[in-house]
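> Prediction below, plus the sequence it came from.
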Amino acid sequence: MTNESKSLKPFLSLLLSSQFPKRLLFAGLLASVLTTIAGLVVPLLTKNLVDDFSFSSLSTPLIAAIGIAFIVQTVVSGLSIYWLSVVGYKVVSSLRDRMWIKLIRLPVSYYDKQSSGEIVSRVVNDTSVVQDLISNRFPQFISGIISIIGAIIILLLMDWKMTMLMLISVPLTIVIMFPLGRQMAKISRGLQDETAAFTGHVQQTLGEIRLMKASTAEQSEETKGLEGIGRLFDFGLKEARIFALISPIMYLVVMVVIVMIIGYGGMRVSNGTMSTGSLVAFLLYLFQIIMPITSFAMFFTQLQKAKGATERIISILDLPLEPGQDGISLDIKHEPIVVENVSFAYSEEEPVLKNISFAAQPGEMIAFAGPSGGGKTTMFGLLERFYEPSAGEIRIGAVPITDLSMASWRSQIGYVSQESAMMAGTIRENLVYGLKDRKSISDEQLWEVSKMAYADQFIKEFPNGLDTEVGERGVKLSGGQRQRIAIARAFLRDPKILMMDEATASLDSQSEGIVQEALTRLMEGRTTFVIAHRLSTIVDADRIIFIEKGQVTGTGTHEELIQSHNLYREFAEQQLA
Ligand code: ADP
Ligand code: MG
């Protein structure tokens, strides 16, 4: 129990730190209490009505009182439901806001480890669980407690012997409901995890639909998917079994108690020690005691769920932001880039880069070559600040790049990779994606950069021109078209530093030629880092850095390396022959 109350703390502090109208929560709870009290009054009035009925005519004030109690209950209960729902949704919005703001600012390394489908499930499902608890279960619980306490007090005052008889149902209900509730909590926790895993799997598979089909993986995906669905089904069954136990058992308990009360009460009524009205009131109060107890089981189940959900939400909210959220802004145009003794590992065990040093003067072209898996792309990741070096430093002039704000640094870097990523949307949206002043960018400008990237021709040929939809991840375009749009994007941003990672590797020789020309144009006047799968594109580099197994094994011009570096010579002979 202490354990449980301890783990409630994060839940409460998360709630308190959320932006929601606290007054509205208070008003909603108050209204809910008022509803309950009005509900408690009704049986009392009914009792008087029934008793009056037996010896005189109908009492108008009494009927009016019952009417008012009903109206108050209806109206106030409506208000309470609405207000508490508003609070619940506000909490969810606020949590989702905070999660989203966080998620887009987490470092790349977080997404290396986490399946994006599971994260989706956290943002969507886990927050809904919290909402349900606040809007529904929590008020139900509060008014339930009031209802029970109120009803018991009234009954004790009315007739304590009958009350004691009726209260037999309480321990009985508790004994039945609590183990079921505990079971339920376990199931729903499993259900949540399974749902998250399933969401992740669906998203992953559908996201790589071509790979799946090309690998004729339908059969194995079918099995995997159906297994997941089967596990969800099993949880559903377990849940159904518990639900199937709860209502009939509760019905049985209620019926047994009703029969006992009617039996005993009927006896008392016939020997004159109890009025008929009291008996009716007893039966009405019975429901006001039993029903809340039933809902308590749901409350504790939901509370368990919400605790689990909160832990996961907090684990996201507590993650450290990507560094460089603030920092200086610096124009890096005329500054050299210095990489000094940089080492890096994705995971502790395996160093990927070891003690790398080089420098690039403004306007220079530095090429990286070396066997696949040597760490070239990783070096670009460090330059882009997707990851931070575990040792060593990268400077721009005399300033460590970590002093610059991420926004200032990255906005001055153009990155063209082998497979240029695209957002679903139009070509225009992709060109201006992320730019602050995208509204003020004219069509002329877009056409101009498209022309520089040799992309204007094919864009013109689309019936919708710049407003052509590219499809998810740009699937409606060819590889060469995507590359040229990526280059046009880079032109539009006018980056000071350019990084190109095997930008033509996946293209056929015709598009490769065009894209290479566009790239050469883009490189003019900028400091450029190139990873080339073809040496022909880097023979003109000011310096070639040969990286093998995370280490620089040679630096120099093409001629120098041909002279001094055996592996480079082999590479060159293979490719340039
Ligand atoms: P290159 O671009 O020279 O072919 P990479 O920089 O892509 O080489 O990869 C260097 C090494 O780092 C490889 O052994 C690769 O398995 C590993 N690696 C690359 N990306 C990641 C990552 N996100 N997480 C863990 N290891 C990675
Ligand atoms: Mg690579």
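Received the coordinates, thanks. Ligands and ions are numbered 1, 2, ... in the order given.
> What's the nearest residue in the stretch 1-150 of the chain when you look at ligand 1?
Nearest to ligand 1, among the residues of the stretch 1-150 of the chain, is D112, at 4.5 Å (Cβ to the nearest ligand atom). The way it works is simple: take the backbone N, C-alpha and C, and place the C-beta from them, glycine included.
> I'd like to check which residues are in contact with the closest residue to that residue other than its chain neighbours.
What sits nearest to D112 in space, not counting adjacent residues and going by Cβ to Cβ, 6 or more residues apart in numbering, is Y346, at 7.1 Å. Shown in contact with Y346 (Cβ atoms under 8 Å, 6 or more residues apart in numbering): S109, D112, V352, T378, Y387.
> part of a strand, is Y346?
Yes - assessed by DSSP: H, G, I helix; E, B strand; the rest coil, Y346 belongs to a strand.
> Tell me the spacing between it and ligand 1.
Separation of Y346 from ligand 1 (Cβ to the nearest ligand atom, to the nearest Å) stands at 3 Å.
> Enumerate every residue touching the residue nearest to Q575 when sequence neighbours are not counted.
In space, and not counting its chain neighbours, Q575 is closest to L535: 4.9 Å by Cβ to Cβ, 6+ apart. Each residue near L535 by Cβ under 8 Å, 6+ apart is listed here: A369, H558, F571, A572, Q575, L576.
> try 7 Å this time
Taking Cβ atoms under 7 Å, 6 or more residues apart in numbering as the contact definition, L535 lies against A369, F571, A572, Q575, L576.
> swap in V91?
L15, S18, F20, V130, Q131, I134.
> From those, list the buried ones, please.
For the contacts of V91, a neighbour count by 16 or more other Cβ atoms under 10 Å gives the buried set as L15, S18, F20, V130, Q131, I134.
> which residues sit in contact with the first one?
Remark: with contacts taken as Cβ under 7 Å, 6+ apart, L15 is in contact with V91.
> Just the pLDDT for it.
Per-residue pLDDT puts L15 at 79.
> gap between it and E570?
Taking Cβ to Cβ, to the nearest Å as the measure, L15 falls 64 Å from E570.
> coming back round to it: okay, the residue nearest to Q575: pLDDT?
Confidence at L535, expressed as pLDDT, is 76.
> And T2, by the same measure?
For T2, the pLDDT comes out at 37.
> Buried ones in stretch 352-369, by neighbour count?
Using 16+ other Cβ under 10 Å as the burial criterion, the residues of stretch 352-369 that qualify are 352-354, 356, 358, 360, 362-369.
> What residues does the stretch 51-200 of the chain have near ligand 1?
Within the stretch 51-200 of the chain, the positions lying close to ligand 1 (Cβ under 6 Å from any ligand atom) are D112.
> just the strands in the stretch 251-400 of the chain please.
Remark: strands assigned in the stretch 251-400 of the chain by DSSP state E, counting those that start in this stretch are 337-347, 350-360, 365-369, 391-396, 399-400.
> A217: neighbouring residues, count only.
Burial measure for A217: 14 neighbouring residues, criterion other Cβ atoms under 10 Å.
> Over to the one 3 residues further on?
Neighbour count of S220, defined by other Cβ under 10 Å: 11.
> how close does it sit to H201?
Noted for S220: a distance of 12 Å to H201, by Cβ to Cβ.
> Do a quick rundown of the helices in the stretch 201-350 of the chain.
With DSSP state H, counting those that start in this stretch as the criterion, the stretch 201-350 of the chain has helices at 209-214, 218-270, 276-317.
> quick check: angle from the second one to helix 276-317?
Between helix 218-270 and helix 276-317, the angle formed by their directions is 150 degrees, by axes from the mean of the first three to the mean of the last three Cα atoms, to 10 degrees.
> Quick check: which helices or strands does helix 218-270 pack against?
For helix 218-270, the elements it packs on are helix 160-167, helix 169-207, helix 276-317, judged by 3 or more Cβ pairs under 7 Å, 6 or more residues apart in numbering; DSSP states H and E.
> Which of those sits closest to I497?
I497 lies closest to helix 169-207 among the helices and strands packed on helix 218-270, at 30.9 Å (Cβ to Cβ).
> tell me which element G414 is part of?
Assigned by DSSP states H and E, G414 belongs to strand 413-416.
> mind checking how far whichever helix or strand comes after that strand is from the chain centre?
Once strand 413-416 ends, the next helix or strand along the chain (criterion: DSSP H and E) is helix 427-432. Distance of helix 427-432 from the chain centroid (Cα atoms, centre = their mean, to the nearest Å) equals 26 Å.
> do stretch 538-556 as well
For stretch 538-556, the separation from the chain centroid amounts to 42 Å (computed by Cα atoms, centre = their mean).
> Contacts for it, please.
Outside stretch 538-556, the residues within contact range by Cβ under 7 Å, 6+ apart are 351-356, 358, 364-371, 374-376, 530, 532, 557-558, 561, 564-565, 567-568.
> Can you pull the residues of the stretch 301-450 of the chain lying near ligand 1?
Y346, V352, S372, G373, G374, G375, K376, T377, T378.
> Now list the buried members of these.
For those, buried by 16+ other Cβ under 10 Å: V352, G374, G375, K376, T377, T378.
> Columns pLDDT and distance to F287 on top of the residues you listed, output as CSV?
Below are these laid out as CSV (pLDDT from 0 to 100; distance: Cβ to Cβ, whole Å):
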residue, pLDDT, distance to F287
V352, 94, 68
G374, 91, 75
G375, 93, 71
K376, 93, 73
T377, 93, 68
T378, 94, 68
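> In helices only, show me those.
The helices, defined by DSSP state H, take in K376, T377, T378 from those.
> Quick one: residues contacting the first one.
Residues near K376 by Cβ under 7 Å, 6+ apart: F368, G370, I531, I547.
> How about L435?
I441.
> before we move on, what SS does it have?
Secondary structure, three-state DSSP: L435 is coil.
> Out of the contacts of Y346, which is nearest to K476?
Closest approach to K476 among these (Cβ to Cβ): D112, at 28.5 Å.
> State the pLDDT value of the closest one.
For D112, the pLDDT comes out at 89.
> Can you verify my assumption that F368 contacts T528?
No - assessed by Cβ atoms under 7 Å, F368 is found out of contact with T528, at 11.2 Å.
> how long is stretch 432-445 end to end?
11 Å (Cα to Cα, to the nearest Å).
> list the contacts for the residue sitting nearest the centre point of the chain?
A centroid search over the chain (Cα atoms, centre = their mean) returns V123, at 2.9 Å, as the residue closest to the centre. The contact partners of V123, by Cβ under 7 Å, 6+ apart, come to R96, M99, W100.
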